[in-house]
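[1] pasting the structure only:
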């Protein structure tokens, strides 16, 4: 009985490691998609000081307030 319990525990741990690796890979894909969206919008062509200033303003106001002020509704990846 103990061997089967140990084997089951080892299988669970292996599944957890695989899931953690999948999550990490998915996060990397999300990051790359976000960078691509920023690049498509032309924001990477801004001078660094302007981009930093814009990001500081967004951080200060929060995304909800930025969306409200721009009157564009929720900003989504498909927009």
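    It's in. Source: prediction; values computed, not measured.
[2] mind listing the helices for this protein?
    2-40, 48-61, 63-70 (DSSP state H).
[3] okay, now residue 67: neighbour count?
    As a burial measure, residue 67 scores 14 neighbours (other C-beta atoms under 10 Å). C-beta coordinates here come from the backbone N, C-alpha and C atoms, glycine included.
[4] Low-confidence regions, this protein specifically.
    Residues of the chain meeting the criterion pLDDT under 70: 1, 73-79.
[5] how close does residue 18 get to residue 6?
    As judged by C-beta to C-beta, to the nearest Å, residue 18 and residue 6 stand 19 Å apart.
[6] shouldn't residue 46 be in contact with residue 52?
    No: assessed by C-beta atoms under 8 Å, residue 46 is found out of contact with residue 52, at 9.2 Å.
[7] Looking only at neighbour counts, state which of these two leads.
    The residue with more neighbours, out of residue 46 and residue 52, is residue 46; 14 against 11, by other C-beta under 10 Å.
[8] list the contacts for the more buried one?
    Taking C-beta atoms under 8 Å, 6 or more residues apart in numbering, we find residue 46 in contact with residue 54.
[9] Look up phi and psi at it.
    phi -70, psi 150 (degrees, to the nearest 10).
[10] I'd like to know how far it sits from residue 29.
    25 Å.
[11] gap between residue 53 and residue 60?
    11 Å.
[12] Which one's more surrounded, the two?
    For residue 53 versus residue 60, the count of surrounding residues by other C-beta under 10 Å is larger for residue 53: 12 against 9.
[13] gap between that one and residue 45?
    For residue 53, the distance to residue 45 - C-beta to C-beta - is 15 Å.
[14] Also residue 28?
    As defined by C-beta to C-beta, residue 28 lies at a distance of 24 Å from residue 45.
[15] Tell me the spatial nearest neighbour of residue 54, not counting adjacent residues.
    residue 46 (7.4 Å; C-beta to C-beta, 6 or more residues apart in numbering).
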